[in-house]
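**Q** only geometry, no sequence info:
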């Protein structure tokens, strides 16, 4: 009876609540005087009349989301739309400029919680990464073979990680991050790396996480990956949440939007974007009493 009550509690409680979160970066911009040449600008030479000023760059504009246990949330959008910024805020890597993020447990971000050392071998980094995520030696020993199998590194697991390709390193980080069966897993483009066999293994692991009432945030430029692995998709553009819903329609409208831009139909693309914003239902973020604020 207690088990059923606990399961009902988990299923009825949001895993993550993003409460009116925005993120603004401050950077410097140097204005060029009328007589300044392109060459002097390239090499940074100061000219009379040039000025350096601080500029606020909005990366995310007041986004609200409620993500339930068991959801695999795909995040799509053009480069610079705020996808990776949202993942960093959910994972607690950076604090938001406004708003707050609440979660039922600490999200595990691929490649962040596993603090690996290039000079060590892959098997030594498995131990180091797992220890960094709070696993015991016994738990590491029990999971070791599964981690190696998921990474697909085989004999290369005993080679220094600095000798790995970028793809091999990404595969190892994914395998380590997934080893603790996290309640909330954040993945940024990892599934686009590797061969078909590795991608198949990662899909199976994702399905296992969802079956265990886990929650997954996945950023990918591959619409096929998003459609295959996610049961919900949000579309970000220029820091704004444009659409939120079932994968098929959201991906369909996003593809039409990008096609219009590629064809030079900017007006048509803007009209489509405006229509999606008008149809967007703002998330109710009031149900967060049982969640805790994400650490920054």
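**A** Arrived safely. Quantities reported herein were computed from a predicted structural model and do not represent experimental measurements. Residues are numbered from 1 along each chain as shown.
**Q** contacts, neighbours, all on C-alpha from now
**A** OK.
**Q** got a list of contacts for stretch 227-241?
**A** By Cα atoms under 8 Å, 6 or more residues apart in numbering, the surrounding residues in contact with stretch 227-241 are 58-63, 71-78, 80-83, 203, 206-207, 226, 242-248, 250-251, 254, 277.
**Q** Which stretches in the stretch 51-200 of the chain count as strands?
**A** Using DSSP state E, counting those that start in this stretch, the strands of the stretch 51-200 of the chain run over 51-68, 72-76, 98-103, 108-109, 184-188.
**Q** rank these by mean pLDDT and give me the bottom one.
**A** Ranked by mean pLDDT, the strands of the stretch 51-200 of the chain end with strand 108-109 at the bottom, a mean of 78.
**Q** Output the contacting helices and strands for it.
**A** For strand 108-109, the packing partners by 3 or more Cα pairs under 8 Å, 6 or more residues apart in numbering; DSSP states H and E come out as strand 184-188.
**Q** Pull up the pairing partners for the strand it packs on, direction included.
**A** strand 108-109 (parallel), strand 215-219 (parallel) (DSSP bridges).
**Q** closest to residue 283 out of these?
**A** strand 215-219 (17.0 Å; Cα to Cα).
**Q** average model confidence for the closest one?
**A** The model assigns strand 215-219 a mean pLDDT of 89.
**Q** What residues are bridge-paired with residue 215?
**A** residue 184.
**Q** Please apply the same query to residue 27.
**A** With DSSP bridges as the rule, residue 27 is bridged to residue 55.
**Q** Verify the contact between it and residue 58 for me.
**A** No - counting by Cα atoms under 8 Å, residue 27 does not reach residue 58; the two are 10.7 Å apart.
**Q** out of the two, which sits in the more crowded spot?
**A** The residue with more neighbours, out of residue 27 and residue 58, is residue 58; 16 against 10, by other Cα atoms under 10 Å.
**Q** residue ranges with poor pLDDT in the protein?
**A** 1-12, 29-50, 110-115, 189-199, 209-210, 212-213, 286-296 (pLDDT under 70).
**Q** Show me how it divides into domains.
**A** Per the record, the chain has its domains at 25-57, 65-107+182-296, 111-181, by automatic domain parsing.
**Q** Residue 17: which of those is closest?
**A** Short answer: domain 65-107+182-296, nearest of the domains of the chain by Cα to Cα, at 4.6 Å.
**Q** quick one on the thing from earlier: sort out which of the contacts of stretch 227-241 are buried, if you could.
**A** Buried subset of the contacts of stretch 227-241 (neighbour count, 16 or more other Cα atoms under 10 Å): 58-63, 71-77, 81-83, 206-207, 226, 242-247, 250-251, 254, 277.
**Q** about what we covered before: make JSON lines from the strands paired with strand 184-188 and add distance to residue 185 and mean neighbour count to it.
**A** Converted to JSON lines, the strands paired with strand 184-188 look like this (distance: least, Cα to Cα, whole Å; neighbours: other Cα atoms under 10 Å):
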{"stretch": "strand 108-109", "distance to residue 185": "5", "mean neighbour count": "24"}
{"stretch": "strand 215-219", "distance to residue 185": "5", "mean neighbour count": "26"}
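**Q** now those in a markdown table, with distance to residue 98?
**A** What follows is the strands paired with strand 184-188, written out as a markdown table (distance: least, Cα to Cα, whole Å):
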| stretch | distance to residue 98 |
| --- | --- |
| strand 108-109 | 22 |
| strand 215-219 | 21 |
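**Q** The ones you listed: which one's closest to residue 261?
**A** Of all the strands paired with strand 184-188, strand 215-219 comes closest under Cα to Cα, at 21.2 Å.
**Q** Other residues contacting the closest one?
**A** 15, 67-76, 83-84, 87, 183-189, 206, 209-210, 226.
**Q** go with 7 Å
**A** Strand 215-219 has contacts (Cα atoms under 7 Å, 6 or more residues apart in numbering) with 69-76, 83, 183-189.
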